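A.B. asks: just need the structure, nothing else, for what follows:
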Amino acid sequence: MACTDAPEQPINQPIAPPTVAELMLPGPVGASSYAPVIEQPLEQVMPRMFAEKPAIMERQRALLDARYDLTDRPHPTATMAKGKPVQTGVRVQLPPGISWDQLAKTSAQQIRTDGLFPSGFLPLPHPNHPEGGMLFPQFHIDETLTRTQRDLTRFDLDFDLPDQFLPEFPPPMFLTTRPDLGDVSQGELVTQQNFYRLFNGILNPKQLDGLRLLVTPFPQQQFNLTGDRRSLEPSLGVTCFDCHANGHTNAATHLAGDVRPQALRHRIDTPTLRGLNIQQIFGSQRGLKTVEDFTEFEQRAAYFDGDIVIAVKKGVNVLERGTQVHDMAELQALLDFPPAPKLDVFGRLDPNKATAQELAGEQVFLGKGRCAECHPAPYFTDNLMHNLRVERFFEPQEINGRLALADGPIKTFVLRGIKDSPPYLHDGRLLTLDDTVEFFNLVLELGLTADEKRSLVAFMLTL
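C.D. replies: Okay, the predicted model is just below:
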């Protein structure tokens, strides 16, 4: 169970959520950095949470409907690497009576005073933020159950974002060492059952063992063998590739373990592992300096909501740095980006292959849009962390258990292959690249025209 930081009360009594003012105080009365002690047996917890699930999911659906246009509107030509259509158009809903151009010309202070900041630009809460925990799209749950007989269903929650806004599944898997092979997964979801058949003879023994560990289930907060879990049956746990499917992402979500109290923990949009070899910091906020660090600490901390005590109880798997961590990191460093046939070796558009709109978008990216200041070619990241200070546009507010306050510094994500990795921003609050352009145009006060925005999206679709 996630750390709720709530004061102790009789187990059957509802706990009133803290107010925004209370959450902003340091050390609220009764707050704890640790997960609460579970006093009810699973036989009582499960039916109660299952009964609460419809109302919780309806509340999240209402939030999404109020924030976004969730219709299926595929791009006429742009697809992900295997052919899934990219969703197009701005999906974030505007406040009544104002246009995007008018909003962009309004000062941050005025937007804050008048409450004009689009709700879709606010932090996106977990479907049940006070509870949190790993949560997988249904297509991944179904395929994993079919292939491995492991059930990643939670009895208390379902995934919230519609499938059309998620990455294609199963995603192709590309290796830096064997670009000639194309998709080395051969269209399959890589699991314990097929990794040896697919990769023996392609990877060296260390890399093959690293892949074995990346598809091996280990205990996790919601999926484990104890009575404190969110799976119907005792579970072996989850694998690294349950979120980073085929070394990419399926948009599985969780809550970052970095901060307390619970209301300030960020929803996580699982980032792709493609191109990990060119990155220098890891974790959206933790700033871990090597992929070995990230691999080692992930199962000790992120798997258990950052609670080292509960991790021992549930069976944390402590990886050995010199062999297991090294092998896993070596495999992750081989994961390559999908092909980008319009880019040259410097990450610039080939004028003989690109359209006029794409070339115009590249100029916006390099110039007026100021994108390249944080996302320089050829991989489109500066390997730094930046604070956008989005909180200057809105008053602190509680959103379904998530306190919208300050995000703080966030790592610069790689834009190479970005069309294959929706949704966007660290918590997935932006559903399309069009949303992302509008967000940064407003937050960075760029003053882009409608044509410049469209051209910028066209350019990013080539990356």
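A.B. asks: SS state for the closest residue to residue 450 other than its chain neighbours?
C.D. replies: Among residues not flanking residue 450 along the chain, residue 101 sits closest, at 7.6 Å (C-beta to C-beta, 6 or more residues apart in numbering). Any C-beta I mention is one placed from the backbone N, CA and C, and that applies to glycine too. At residue 101 the chain is in helix, as set by DSSP: H, G, I helix; E, B strand; the rest coil.
A.B. asks: other SSEs contacting the longest strand belonging to the chain?
C.D. replies: Taking DSSP state E as the assignment, the strand of the chain that covers the most residues is strand 74-79. If you count contacts as 3 or more C-beta pairs under 8 Å, 6 or more residues apart in numbering; DSSP states H and E, strand 74-79 packs onto strand 85-87.
A.B. asks: partner strands of the strand it packs on, with direction?
C.D. replies: strand 74-79 (antiparallel) (DSSP bridges).
A.B. asks: what's next to the partner strand, contact-wise?
C.D. replies: The set of residues external to strand 74-79 that reach it, using C-beta atoms under 8 Å, 6 or more residues apart in numbering, is 85, 86, 87, 88, 164, 419, 461.
A.B. asks: can we see that at 7 Å?
C.D. replies: 85, 86, 87, 88, 419, 461 (C-beta atoms under 7 Å, 6 or more residues apart in numbering).
A.B. asks: report the buried residues of the longest strand of the chain.
C.D. replies: 75, 78 (16 or more other C-beta atoms under 10 Å).
A.B. asks: pull that strand out as CSV, backbone CA atoms only.
C.D. replies: The C-alpha trace of strand 74-79 is given here as CSV (Å, rounded to 0.1, in the frame of the first residue of the first chain):
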residue,chain,number,x,y,z
PRO,A,74,-5.3,9.9,-35.9
HIS,A,75,-2.8,11.9,-38.0
PRO,A,76,-3.5,11.3,-41.8
THR,A,77,0.0,10.1,-42.4
ALA,A,78,2.2,10.0,-39.3
THR,A,79,2.6,6.7,-37.6
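A.B. asks: give the contact list for residue 251.
C.D. replies: With C-beta under 7 Å, 6+ apart, residue 251 has these contacts: 137, 161, 166, 167, 269, 270, 423, 428.
A.B. asks: could you look up the SS state of residue 59?
C.D. replies: Classified using three-state DSSP, residue 59 is helix.
A.B. asks: burial count for residue 397?
C.D. replies: Using other C-beta atoms under 10 Å, residue 397 has 14 neighbouring residues.
A.B. asks: meant to ask about residue 224
C.D. replies: Residue 224, neighbours per other C-beta under 10 Å, totals 26.
A.B. asks: what is the neighbour count of the closest residue to it other than its chain neighbours?
C.D. replies: Spatial nearest neighbour of residue 224, chain neighbours left out: residue 314 (4.4 Å); criterion: C-beta to C-beta, 6+ apart. Counted with other C-beta under 10 Å, the neighbours of residue 314 add up to 20.
A.B. asks: repeat that for residue 412.
C.D. replies: Look at residue 412: counted by other C-beta under 10 Å, it has 18 neighbours.
A.B. asks: residue 453 and residue 439 touch, don't they?
C.D. replies: No - taking contacts as C-beta atoms under 7 Å, residue 453 lies outside contact range of residue 439: 11.1 Å.
A.B. asks: show me what contacts the closest residue to residue 87 other than its chain neighbours?
C.D. replies: Leaving aside its chain neighbours, residue 87 sits nearest to residue 432 (5.1 Å; criterion: C-beta to C-beta, 6+ apart). Going by C-beta under 7 Å, 6+ apart, residue 432 touches 87, 88, 89, 91, 422.
A.B. asks: can you say which helix or strand has the last one in it?
C.D. replies: Applying DSSP states H and E as the criterion places residue 422 outside every helix and strand.
A.B. asks: you'd agree it is up against residue 168?
C.D. replies: No - taking contacts as C-beta under 7 Å, residue 422 lies outside contact range of residue 168: 9.9 Å.
A.B. asks: the nearest residue to residue 227 once chain neighbours are set aside: neighbouring residues, count only.
C.D. replies: Among residues not flanking residue 227 along the chain, residue 42 sits closest, at 4.3 Å (C-beta to C-beta, 6+ apart). By other C-beta under 10 Å, 18 other residues sit near residue 42.
A.B. asks: same question for residue 347.
C.D. replies: With other C-beta under 10 Å as criterion, residue 347 counts 18.
A.B. asks: for stretch 273-290, how far is the first residue from the last?
C.D. replies: 13 Å (C-alpha to C-alpha, to the nearest Å).
A.B. asks: now do that stretch: distance to the chain's middle.
C.D. replies: Its chain's C-alpha centre and that of stretch 273-290 lie 14 Å apart, by C-alpha atoms, centre = their mean, to the nearest Å.
A.B. asks: can you check stretch 310-330 too?
C.D. replies: Counting by C-alpha atoms, centre = their mean, stretch 310-330 comes out at 22 Å from the chain centroid.
A.B. asks: buried ones in that stretch, by neighbour count?
C.D. replies: 310-311, 314, 316-317, 319, 324-330.
A.B. asks: got it, and stretch 443-452?
C.D. replies: 443, 446, 448, 452.
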